[in-house]
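[1] here's my sequence, what's the structure:
(2 chains)
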Amino acid sequence: MIPEFEKFKGFKAKNLPKEEPLSSGHRGCQGCGEVLALRMVMKALGKDVIVCNATGCMEIITSPYPHTAWKVPWIHIAFENAASVASGVESARKVLARKGKIPKKHIDILAVGGDGATGDIGLQFISGAFERGHDFLYVCLDNEAYMNTGVQRSGCTPYGAMTTTSPPGKKSFGQVTWKKNVPAIAVAHNIPYVATASPAYFLDLMNKVKKAALVKGPAYVHIYAPCPTGWGSAGERSIEIARLAVETKVFPLYEVIEGRYIMSRKITKPKPVTEYFKGQRRFRHLDEEHIEYIQRRVDAEYEKLLRLAEMG
Amino acid sequence: MSKRVGIEVSIAIAEAVGLARAEVIPAYPITPQTHIVEHLSEMVANGELDAEFVPVESEHAAMSCCCGSIAAGARTFTSTSSQGLALMSEILYIPSTMRLPIVMVVANRAMSAPISIWNDHQDVMVQRDTGWIQTFAENGQEAVDLTLHAFRVAEDRNVSLPMMVNIDGFTLSHVIEPIELPDQEEVDKFLPPFKPRYKLDPRRPITMGPVGIPEVYTEAKVAHDMAMKKAKRYILKAWDEFAEIFGRKYNPVESYRTEDAEILLVTMGSISETAMTAVDAMRDAGQKVGLLRIRLWRPFPGQEFRKAVGKAKVLAVVDRCLPPGALCGPVGAELRSLFYKIPGSPKIFSFVAGLGGRDVTVERFEEIVDKARAFAKKRPRELYEVIGVREK
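    From the prediction side, this is the model:
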């Protein structure tokens, strides 16, 4: 077990931190599930943190100069390289602390990016930073497409989903590929901590982020982030949709601690995926054949995950 | 006391970076830069240099990592060449406008295709407008001195800009030269510890790299441009202080036998040494020929250059870069712009030579001067000429 976890008693509804390192008043869309998740991430981390933000919605809405929503040190360099920037911050703090130029006190280093910044254009940078073993956590806020540029498909866009570059048409049914399993890629780096989380389960999310910060070495948290604008869903339904994604086994919640899979929430009575699709315009065009395929594949992927968890 | 040693220039540069007490060195290998970072990683491994050597997975990551470490307050160095510099290109623009004083040595090398590991200046000319201060070294000693100078200037709070020291790949990076390596005490006197005005620190949170809406973007870029122009003063000041401590004086433009010269060769980098030999030979033959060597490329020292030209009537500018479809090489274009419509200004003829490791010999320089002399009498058909192209 990870020794750093022993002292951490976990966040509960009663002991939620009052601090808001990410303040309100930013320019997020109505019902944005991503900024809500990011707020939870920051609440879990507190003030002793340096944030390295990839280009994307979160960067844009929180930092239009001269305004900033950040009450903690924050840096944005470019789209693909938040993990490399975090590597630099971590290395600098290491040598400066060794030389007595800064206090030895531990500061969390958070790299954060969307699914495009993480699973597509930034994959190499994240892989490099994980492989080198920097002490930082990477949080992917996955809204399943390039939302900031106008809803183009990414490697994390789910099968069948409509985006502006995976439009359904006479010869297409939307996204033709299955969602890239980025957490599994993180696990393959043999890093000590990987988890998936959802803003619908905010205590679970915050506890996972905190654990990712506590663990020595690289950690990865993949967070599901509903996007009403990109998904064609009602703003007030973001949390409901996030919960349905878990309850239908579409987005399973689990941890991988030192390579061992642990299910955070076993879904024994799953709802059908159609429940999840309801009210999301991106899935509206799907016919029965595709829905059946998705249901089969979701079940199979979940089984795979359960088997991994059984292996312990 | 400093010591004079026979040493490979790359190793000497690494020693200089060590003497500068660099703290974070993210690096990715590419020929001909490799010996610099190999030696640095050796120094870190042996405990001779207390730094973090970050063996990143690409040059793009190297520059990104540099941005993180310098923003967190650590003295930061990296080195690259050619394709590696091009891969960094997207990021190069960012620390410069964000005023993050990274120091980088570029071992200049040709750009693909065809792939070539050999020397010219195409790699850095592509990055000309990235907003970095850029200097060019002529020899090993200068490579070492300019590296130390770069830390001093870049980190000066009046400057706060990243700085690129260009050394010719192989021609400089891989030769063994007698070099005077300064001692630690002297370097410490010249180079105070890095104390950035702003850094990432939870005790004093700041937002770095925000969105520049149209209402502020222009001002951000103008501020950068103003900083570049203002930097010249501090670049010169640092060279003066360098001379006081180390006894070697550098100028933004160097003149060689320019007195009463009618034709001036203009060069950058290591070919200047051959050019000097050529000038000597031509002077011996009674020709009034001299040489101007540009050491400071960005910010361009226009005033100093005009002064150095004096009364010369013809400039024969040698570019080591051929931008296809352009009016001439970048140095030629710069100088034409500098003298445009200035009364009594010299005639400027642009030549391209020494691409992809092609030698520029004394004879080639003589050919260039002969051509410039002829062009002064009869205007050439083209705005530039490539020297030494094989007919067969």
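[2] ok and the residue in chain A nearest chain B?
    Here chain A gets closest to chain B at one residue, A:Gly88, 2.5 Å apart by C-beta to the nearest C-beta. For the C-beta atoms, the positions are set from N, CA and C on the backbone; glycine is no exception.
[3] elements contacting the helix or strand hosting that residue?
    Here A:Gly88 sits within helix A:82-98, counting by DSSP states H and E. The contact analysis (3 or more C-beta pairs under 8 Å, 6 or more residues apart in numbering or on different chains; DSSP states H and E) places helix A:82-98 against strand A:49-53, strand A:108-114, helix A:123-132, strand A:137-142, strand B:24-26, strand B:52-54, helix B:59-71.
[4] using CSV, list the CA coordinates for that helix.
    Provided in CSV are the C-alpha atoms of helix A:82-98 (Å, rounded to 0.1, in the frame of the first residue of the first chain):
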residue,chain,number,x,y,z
ALA,A,82,1.5,20.9,-19.8
ALA,A,83,3.2,17.7,-18.6
SER,A,84,6.6,19.0,-19.8
VAL,A,85,6.0,22.4,-18.2
ALA,A,86,5.1,20.6,-15.0
SER,A,87,8.4,18.5,-15.4
GLY,A,88,10.3,21.8,-15.5
VAL,A,89,8.5,23.3,-12.5
GLU,A,90,9.1,20.1,-10.5
SER,A,91,12.8,19.9,-11.5
ALA,A,92,13.3,23.6,-10.6
ARG,A,93,11.7,23.2,-7.2
LYS,A,94,13.8,20.1,-6.5
VAL,A,95,17.1,21.8,-7.2
LEU,A,96,16.1,25.1,-5.5
ALA,A,97,15.0,23.3,-2.4
ARG,A,98,18.2,21.3,-2.3
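[5] what angle separates that helix from strand A:108-114?
    Here helix A:82-98 runs at an angle of 170 degrees relative to strand A:108-114 (axes from the mean of the first three to the mean of the last three C-alpha atoms, to 10 degrees).
[6] which positions within helix A:82-98 qualify as buried?
    By 16 or more other C-beta atoms under 10 Å in any protein chain shown, the buried positions in helix A:82-98 come out as A:82-96.
[7] do you have the strands of the stretch 1-150 of chain B handy? List them.
    Using DSSP state E, counting those that start in this stretch, the strands of the stretch 1-150 of chain B run over B:3-8, B:24-26, B:52-54, B:77-80, B:103-108, B:133-136.
[8] can you list these in a markdown table and add distance to B:Phe300?
    Output for the strands of the stretch 1-150 of chain B, formatted as a markdown table (distance: least, C-beta to C-beta, whole Å):
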| stretch | distance to B:Phe300 |
| --- | --- |
| strand B:3-8 | 31 |
| strand B:24-26 | 29 |
| strand B:52-54 | 33 |
| strand B:77-80 | 23 |
| strand B:103-108 | 18 |
| strand B:133-136 | 9 |
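[9] could I get the full set of helices for the chain?
    Reading this off chain A. A:33-45, A:57-62, A:82-98, A:115, A:123-132, A:182-187, A:202-214, A:228-231, A:238-247, A:273-277, A:288-311 (DSSP state H).
[10] wait, chain B
    Secondary structure of chain B by DSSP H: the helices cover B:9-19, B:34-45, B:59-71, B:82-97, B:122-126, B:140-155, B:184-190, B:214-246, B:271-284, B:302-309, B:330-339, B:362-377.
[11] of those, flag the one that's most buried.
    Stretch with highest mean neighbour count among these: helix B:59-71 (a mean of 31; mean count of other C-beta atoms under 10 Å in any protein chain shown).
[12] report the angle between the axes of that one and helix B:140-155?
    Angle between the axes of helix B:59-71 and helix B:140-155 is 50 degrees (criterion: the same axes, to 10 degrees).
[13] which secondary structure elements does helix B:59-71 sit against?
    Counting by 3+ C-beta pairs under 8 Å, 6+ apart, helix B:59-71 packs on strand A:74-76, helix A:82-98, helix A:123-132, strand B:24-26, strand B:52-54, strand B:77-80, helix B:82-97.
[14] got the phi and psi for A:Lys266?
    Per-residue torsions, A:Lys266: phi -80, psi 130 (degrees, to the nearest 10).
[15] apart from its neighbours in sequence, what residue is nearest it?
    Nearest in space to A:Lys266, with sequence neighbours left out and distances taken as C-beta to C-beta, 6 or more residues apart in numbering or on different chains, is A:Leu306 at 7.8 Å.
[16] quick one, which of the helices and strands packed on helix A:82-98 gets closest to A:Ile185.
    With C-beta to C-beta as the criterion, A:Ile185 lies closest to helix A:123-132 of the helices and strands packed on helix A:82-98, at 7.2 Å.
[17] how near is B:Pro95 to chain A?
    As judged by C-beta to the nearest C-beta, to the nearest Å, B:Pro95 and chain A stand 8 Å apart.
[18] dump the helices of chain B into JSON lines; add mean pLDDT as well.
    Converted to JSON lines, the helices of chain B look like this (pLDDT from 0 to 100):
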{"stretch": "helix B:9-19", "mean pLDDT": "98"}
{"stretch": "helix B:34-45", "mean pLDDT": "98"}
{"stretch": "helix B:59-71", "mean pLDDT": "98"}
{"stretch": "helix B:82-97", "mean pLDDT": "98"}
{"stretch": "helix B:122-126", "mean pLDDT": "97"}
{"stretch": "helix B:140-155", "mean pLDDT": "98"}
{"stretch": "helix B:184-190", "mean pLDDT": "98"}
{"stretch": "helix B:214-246", "mean pLDDT": "98"}
{"stretch": "helix B:271-284", "mean pLDDT": "98"}
{"stretch": "helix B:302-309", "mean pLDDT": "98"}
{"stretch": "helix B:330-339", "mean pLDDT": "98"}
{"stretch": "helix B:362-377", "mean pLDDT": "98"}
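[19] looking at those, spot the one closest to B:Leu264.
    helix B:302-309 (6.5 Å).
[20] could you check the angle helix B:214-246 makes with the closest one?
    Using the same axes, to 10 degrees, helix B:302-309 lies at 50 degrees relative to helix B:214-246.
[21] which residues touch helix B:302-309?
    Residues outside helix B:302-309 that contact it (C-beta atoms under 8 Å, 6 or more residues apart in numbering or on different chains) are B:251-253, B:255, B:258, B:264, B:292, B:294, B:315, B:335, B:338-339, B:342, B:346.
[22] could the helices and strands packed on helix A:82-98 go into JSON lines alongside distance to A:Thr248?
    Formatted as JSON lines, the helices and strands packed on helix A:82-98 follow (distance: least, C-beta to C-beta, whole Å):
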{"stretch": "strand A:49-53", "distance to A:Thr248": "31"}
{"stretch": "strand A:108-114", "distance to A:Thr248": "23"}
{"stretch": "helix A:123-132", "distance to A:Thr248": "27"}
{"stretch": "strand A:137-142", "distance to A:Thr248": "16"}
{"stretch": "strand B:24-26", "distance to A:Thr248": "43"}
{"stretch": "strand B:52-54", "distance to A:Thr248": "42"}
{"stretch": "helix B:59-71", "distance to A:Thr248": "38"}
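[23] which stretch among the ones you listed comes nearest B:Gly357?
    helix B:59-71 (21.0 Å).
[24] of all the helices of chain B, which one comes closest to A:Asp142?
    helix B:59-71 (21.8 Å).
[25] how far out from the middle of the chain is stretch A:140-156?
    12 Å (C-alpha atoms, centre = their mean, to the nearest Å).
[26] nearest to A:Glu131 among the contacts of helix B:302-309?
    Looking across these and measuring by C-beta to C-beta, the closest to A:Glu131 is B:Ile294, at 42.1 Å.
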